[in-house]
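[1] Sequence first, predicted model second:
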Amino acid sequence: MWLSVISVFGIRHHGPGSARSLRRALEALGPDLVLVEGPPDADAVLPLAADAAMRPPVALLVYRPEAPRRAVFYPFAEFSPEWQAIRFAQERGVPVRFMDLPLTIQFAREEAQASTAGDGDGEAKSGAREPVVAETGRIDPLIALAAAAGYDDHELWWEHQVERREDAAGIFEAISEAMQALRAETTISDHDLAREAFMRQTIRAAVKQGHGRIAVVCGAWHAPALTDSGSVRADTQLLKGLPRTKVDVAWIPWTYSRLSYRSGYGAGVDSPGWYHHLWLAPERAPVRWLVEAARLLRAEDLEAPSASVIEAARLADALAGMRDLAGPGLPELREAALSVYCRGQHAPLQLIRTRLEIGSVIGEVPDAATIVPLQRDLRDTSRRLRLKVSEEIRTLDLDLRKDIDRERSVLFHRLGLLDLRWATPQQMSGRSGTFHELWQLEWEPEMEVALVDASVWGSTIADASSASARHVADATGDVAELTALLDRVILSDLIGAIDHVLARVQDRAALSSDVRRLMAALPPLARVARYGDVRKTPTERLRPVIDGLFERILVGMPLACVALDDDAAAEMVEAMSQLQHAIDLLERTDERDEWQATLRALSARDAVHPLVRGYCCRLLVEQQQLDEAELGRLSSLALSAAVPSEHAAAWLTGLLRGSGLVLVHHDAVWSALDRWLGELPLDRFPAMLPLVRRAFAGFSQPERRAMGEKIARMAPGDPGRRPAALDDEPPIDLDRASVVLPVFARILGGR
């Protein structure tokens with residue numbers, strides 16, 4: 001038995017009921033030391049919890065300095081019992097410490113096990129301190145207790161028994177007794193045994209230091225193991241010789257969404273926003289929640305009048321009475337909101353779930369908690385550019401003609417080079433892409449880990465992104481990937497890195513013989529050359545690189561388009577489309593003329609895949625380089641009876657790629673297609689039909705309507721009006737045809 005007064009409080013992480021009961025118990029006990037389950041590695045930064053700038057939710061980040069992605073989070077909300085224990089001690093000047101097995105030991109053990117199994121460092125993981133069965137082999141205590149009480153939902157059981165409990169007297173003794181019964185039926189893992197042995201050693205050390213009233217705050221599962229001092233020798237033997245490694249610790253902002261199970265953190269709670277309501281106003285939480293839900297719906301232009309709030313509150317109370325509950329909980333409030341506010345529609349209820357049950361609160365930490373210069377630089381830059389860190393997803397429309405918006409764009413692109421996804425570029429619609437960029441902003445706590453990881457490249461965002469870009473360029477041998485990287489580096493305004501990546505592009509382009517990869521490399525350079533002036537980016541050094549790439553592409557294309565299978569031909573057509581777009585951006589007459597001459601040569605060369613030949617014709621038609629007669633001649637040759645039907649269908653697919661207007665405006669092509677279809681043998685037509693349908697599949701509704709109107713305008717004697725009758729064709733049933741033809745004409749857009 002313990003020689004001092006040791007009071008063990010078994011709690012649930014992030015439980016407002018546990019937090020409230022714990023606070024009352026601590027006030028009654030008046031401890032001279034508070035020990036909290038948590039990493040002792042963080043004792044040095046624990047005083048920062050008392051800083052006025054520290055606003056939960058926050059988290060302790062413990063990570064390996066050599067591999068920052070090897071990290072553990074210990075999140076705290078305002079309603080977390082551990083946080084309330086820490087704040088209680090700090091407010092009264094009582095010493096407070098963490099007492100769990102240090103992460104220096106846990107990391108070293110895991111790395112040794114991973115090394116034995118042949119694994120690497122692994123990725124960042126959550127700080128779940130009460131894992132589920134899949135992680136540790138033991139039962140989840142809440143699930144077991146809820147099942148024993150006849151509940152399918154352990155969250156609901158815990159809320160009824162603890163969070164909404166009016167009389168909390170004896171609650172910790174009851175929790176400890178229940179856990180003792182569960183532990184008797186379960187094999188305790190070696191990891192849990194080591195953790196509990198270290199906790200007992202910490203308590204013994206506190207007793208030797210002369211503390212007489214010690215409050216121990218731990219996860220409910222461990223409470224029975226800490227109520228007795230146990231065997232000193234056994235604990236010492238269990239912890240003897242454990243390896244250690246180096247770790248760093250810091251406070252970081254956290255979010256309510258990361259406290260929820262939806263985010264994959266096992267120590268989370270399903271509805272942190274609801275628990276926040278329970279913490280602030282436990283007696284008025286149901287009404288307050290319904291009022292907030294109505295306000296939220298009205299902000300989204302959905303109907304939720306005051307009368308509905310009253311009706312929903314009455315319904316929730318009635319449901320609680322029917323279920324023999326002291327008051328409505330979250331399930332009753334959900335049902336009331338679904339019936340009254342949402343009128344049975346689940347979409348508005350999902351909005352309530354996201355905004356209220358989970359919430360979008362993000363915590364704050366003091367500046368002193370910054371752990372690496374890179375974090376400080378990003379914080380200072382964000383403040384200077386008036387960019388607020390927020391978990392809420394929001395859209396930012398940047399006008400690059402404004403200095404502040406251009407600087408914001410540069411920052412976002414630099415973060416992208418470091419794989420820091422605070423801002424994600426979006427497709428523009430309705431505005432010119434030259435002067436505007438659209439970004440979607442969403443801050444995630446994992447950004448803090450990524451910042452620590454990226455700090456190996458430099459102490460500022462500019463230096464780190466430049467060094468990272470240089471490293472990627474040196475490790476990349478593909479010229480298309482290098483030009484895409486060059487595009488990003490130029491958008492990031494990293495002058496030193498631009499020269500380095502540009503030199504790599506020139507070296508790899510001179511050695512590359514893959515024409516398709518060279519074609520993929522040109523569009524990023526063309527975009528920069530065309531729009532670089534908007535960002536005041538010097539682009540004159542790109543011109544020689546573009547000219548060299550373009551000449552190599554033209555020289556290699558005739559050979560690259562020969563002996564292609566269907567998949568390779570489709571890839572070549574896509575590359576040609578991107579190259580055409582790049583040539584249009586550059587707006588140089590000499591390059592356009594050379595490109596058109598290459599297209600003419602390819603369109604007339606039989607060895608070229610028919611899909612590519614058809615697309616060459618398509619590009620020439622769009623640029624008005626094929627007159628009606630020449631297009632009709634090429635169509636007749638490609639769709640003649642001597643050409644295999646598969647080749648004819650592929651040529652047609654290439655010609656019609658992207659738009660069917662070429663059929664509408666060129667009668668010669670229409671006639672050639674009509675003649676080819678009419679001359680297909682009956683046994684070949686079913687096989688060709690899917691290929692023809694594929695060629696027509698991308699047509700828009702107006703294009704289909706225009707084709708139908710073209711048929712309707714044709715005179716009975718026109719070649720395209722109807723195929724010639726076959727000798728053995730049965731006579732047409734005019735009565736049946738009169739029923740079908742109006743519907744058919746309407747489908748085709750005729751009158």
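    Perfect, thanks for sending it.
[2] Touching, L502 and L486? I think so.
    Yes - counting by CB atoms under 8 Å, L502 touches L486, with 6.2 Å between them. Heads up, the C-betas are built off the backbone N, CA and C, glycines and all.
[3] more neighbours, these two?
    L486 (25 against 21; other CB atoms under 10 Å).
[4] Identify the residues contacting that one.
    Going by CB atoms under 8 Å, 6 or more residues apart in numbering, L486 touches I498, V501, L502, V505, P524, L525, V528.
[5] Please repeat the previous calculation with a cut-off of 10 Å.
    Residues counted as contacts of L486 (CB atoms under 10 Å, 6 or more residues apart in numbering) are 469, 473, 497-498, 500-502, 504-505, 521, 524-525, 528, 542, 545.
[6] out of those residues, which are inside strands?
    Residues of these located in strands (DSSP state E): none.
[7] where along the stretch 251-400 of the chain do the strands fall?
    Under the criterion DSSP state E, counting those that start in this stretch, strands of the stretch 251-400 of the chain are mapped to 394-399.
[8] neighbours around E551, how many?
    So E551, with other CB under 10 Å, has 12 neighbours.
[9] now swap in E587 and tell me
    E587 has 11 nearby residues by other CB under 10 Å.
[10] for T354, same thing?
    There are 15 residues near T354, going by other CB under 10 Å.
[11] Go ahead and confirm it touches S257.
    Yes - in this structure, T354 is within contact of S257 by CB atoms under 10 Å, at 8.5 Å.
[12] how about low-confidence regions in the stretch 201-350 of the chain?
    Within the stretch 201-350 of the chain, the stretches with pLDDT under 70 are 260-268.
[13] Could you check how far Q625 is from L491?
    34 Å (CB to CB, to the nearest Å).
[14] ok, those two, which is more surrounded?
    L491 (24 against 16).
[15] roughly how far apart are that one and V528?
    8 Å.
[16] quick revisit: now do the shared contacts for T354 and S257.
    G273, S360.
[17] pretty sure A569 is in a helix, no?
    Yes - assigned with DSSP: H, G, I helix; E, B strand; the rest coil, A569 falls within a helix.
[18] pretty sure it contacts L611?
    Yes - with contact defined as CB under 10 Å, A569 counts as touching L611 (4.4 Å).
[19] who has more neighbours, the two?
    Neighbours were tallied for A569 and for L611 using other CB under 10 Å; the higher tally belongs to L611 (25 against 22).
[20] Need the three-state assignment for the more buried one.
    From three-state DSSP, the assignment for L611 is helix.
[21] Okay, domains of the protein per the record?
    Domain assignment for the chain, taken from automatic domain parsing, gives 5-263, 283-358, 378-461, 512-748.
[22] Any chance of a markdown table for those, columns distance to Y275?
    Shown next, in a markdown table, are those (distance: least, CB to CB, whole Å):
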| stretch | distance to Y275 |
| --- | --- |
| domain 5-263 | 5 |
| domain 283-358 | 9 |
| domain 378-461 | 17 |
| domain 512-748 | 47 |
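[23] Nearest to D478, out of those domains?
    domain 512-748 (6.3 Å; CB to CB).
[24] all strands of the stretch 51-200 of the chain, in order?
    58-64, 67-76, 96-98.
[25] Deepest-packed of those strands, please.
    strand 58-64 (a mean of 25; mean count of other CB atoms under 10 Å).
[26] Which elements pack onto that strand?
    strand 67-76, helix 103-117, strand 248-253, helix 446-454 (3 or more CB pairs under 10 Å, 6 or more residues apart in numbering; DSSP states H and E).
[27] Can I get the first one in CSV, CA atoms only?
    What that stands for is strand 67-76. In CSV, the C-alpha atoms belonging to strand 67-76 read as follows (Å, rounded to 0.1, in the frame of the first residue of the first chain):
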residue,chain,number,x,y,z
ALA,A,67,12.8,11.9,-38.6
PRO,A,68,10.1,14.4,-37.7
ARG,A,69,7.3,12.3,-39.3
ARG,A,70,7.9,9.8,-36.6
ALA,A,71,5.6,11.7,-34.2
VAL,A,72,2.9,11.3,-31.6
PHE,A,73,0.2,13.8,-30.7
TYR,A,74,-1.4,14.3,-27.3
PRO,A,75,-4.4,16.4,-27.9
PHE,A,76,-6.3,18.4,-25.3
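[28] What pairs with that strand, parallel or antiparallel?
    strand 58-64 (antiparallel) (DSSP bridges).
[29] burial of the residue lying closest to G273 once chain neighbours are set aside, as a residue count?
    Once flanking residues are discounted, G273 sits nearest to G359: 3.2 Å by CB to CB, 6 or more residues apart in numbering. Close neighbours of G359, defined as other CB under 10 Å, add up to 22.
[30] Show me which helix or strand of the chain is least confident by mean pLDDT.
    helix 133-136 (a mean of 34; mean pLDDT, DSSP states H and E).
[31] so how far is L741 from the residue most central in space within the chain?
    For the chain, the residue sitting closest to the mean C-alpha position, by CA atoms, centre = their mean, is R421 at 8.9 Å. Distance, R421 to L741, using CB to CB: 57 Å.
[32] for the stretch 151-300 of the chain, what spans make up the helices?
    Read by DSSP state H, counting those that start in this stretch, the stretch 151-300 of the chain holds these helices, from start to end of the chain: 154-158, 171-184, 190-208, 223-226, 232-239, 272-280, 285-299.
[33] Now do the longest one: distance to the chain's middle.
    I take that to be helix 190-208. 40 Å (CA atoms, centre = their mean, to the nearest Å).
[34] cool, the first one as well?
    In terms of CA atoms, centre = their mean, the gap separating the centre of helix 154-158 from the centre of its chain is 30 Å.
[35] I'd like to know which elements it is packed against.
    So helix 154-158, by 3+ CB pairs under 10 Å, 6+ apart, packs with helix 141-148, helix 330-336.
[36] Restricting to C-alpha, output that helix in PDB.
    Provided in PDB are the C-alpha atoms of helix 154-158 (Å, rounded to 0.1, in the frame of the first residue of the first chain):
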ATOM      1  CA  HIS A 154     -20.700   2.900 -26.200                       C
ATOM      2  CA  GLU A 155     -20.700   6.700 -26.800                       C
ATOM      3  CA  LEU A 156     -24.400   6.800 -25.800                       C
ATOM      4  CA  TRP A 157     -23.800   4.700 -22.700                       C
ATOM      5  CA  TRP A 158     -20.900   6.900 -21.600                       C
END
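[37] Residues touching it, excluding its own?
    Outside helix 154-158, the residues that reach it (CB under 10 Å, 6+ apart) are 12, 15, 17-18, 140-151, 163-164, 261, 269-271, 329-331.
[38] List the contacts of the nearest residue to L239 once chain neighbours are set aside.
    Nearest non-adjacent residue to L239, counting by CB to CB, 6+ apart: A197, 5.6 Å away. Contacts of A197 were listed using CB under 10 Å, 6+ apart, and they are L101, A225, G230, S231, V232, A234, D235, T236, Q237, L238, L239.
[39] if you set the cut-off to 8 Å instead, what comes out?
    Counting by CB under 8 Å, 6+ apart, A197 has contacts G230, A234, D235, L238, L239.
[40] Tabulate those residues in JSON lines, adding columns for neighbour count.
    JSON lines is the format used below for the contacts of A197 (neighbours: other CB atoms under 10 Å):
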{"residue": "G230", "neighbour count": "17"}
{"residue": "A234", "neighbour count": "12"}
{"residue": "D235", "neighbour count": "20"}
{"residue": "L238", "neighbour count": "16"}
{"residue": "L239", "neighbour count": "15"}
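[41] Great, nothing more from me.
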